[in-house]
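# Provided below for reference: sequence and predicted model.
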Amino acid sequence: MRIKKELVERMSKQMVKSLIEGDFIVWEDRPEKLETIISAIITEDLLVEDRLNDEVKTLLEARTKDYERDMMDFGRVFQMVKSKLVRERGLVL
């Protein structure tokens with residue numbers, strides 16, 4: 001994950017504060033509970049790309065010898081495979 005956990009928590013806290021103080025939502029429970037929910041959603045979304053990168057690396061490592069033999073650029077192949085999986089799965093990164 002490219003964004004640190006502390007930053008996600010700070011962003012969540014600020015979002016909740018802005019939503020409640022601006023009367024954009026009605027939240028009758030503790031604000032910390034909503035902060036935790038928002039942090040979890042943001043973290044899960046950020047981890048999607050990390051999991052995808054790991055999956056692409058695993059797929060390519062299984063075929064590394066083929067790519068080395070064909071003298072293909074690993075980075076280029078990585079991006080091509082990742083782009084294909086993103087399109088197939090309808091992911092937004």
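Ah, there it is.
# now the helix or strand Phe78 falls within: mean pLDDT?
For Phe78, the element it lies in under DSSP states H and E is helix 74-89. If you average the pLDDT over helix 74-89, you get 88.
# so what does it touch, helix or strand wise?
With contacts taken as 3 or more CB pairs under 8 Å, 6 or more residues apart in numbering; DSSP states H and E, helix 74-89 sits against helix 31-61, helix 64-69. For every residue, glycine as well, the C-beta is placed using N, CA and C.
# Now for the chain, the helix or strand with the poorest mean pLDDT.
Taking mean pLDDT, DSSP states H and E as the measure, the chain has helix 64-69 as its least confident helix or strand, at a mean of 64.
# Report pLDDT for the most centrally placed residue in the chain.
Here the mean C-alpha position of the chain is nearest to the C-alpha of Leu46 (CA atoms, centre = their mean), at a distance of 2.0 Å. Per-residue confidence at Leu46 stands at 89 (pLDDT).
# Val92 now?
At Val92, the model reports a pLDDT of 84.
# that older thread, the residue nearest to the centre of the chain against Ile3, yeah?
Yes - the pair Leu46 and Ile3 qualifies as a contact (CB atoms under 8 Å) at a distance of 6.1 Å.
# who's in contact with the helix holding Phe78?
Outside helix 74-89, the residues that touch it by CB atoms under 8 Å, 6 or more residues apart in numbering are 52-53, 55-57, 59-60, 64, 67, 91, 93.
# ok, these vs Ile42, which is closest?
Distance to Ile42 across the contacts of helix 74-89 (CB to CB) is lowest for Leu93, with 14.0 Å.
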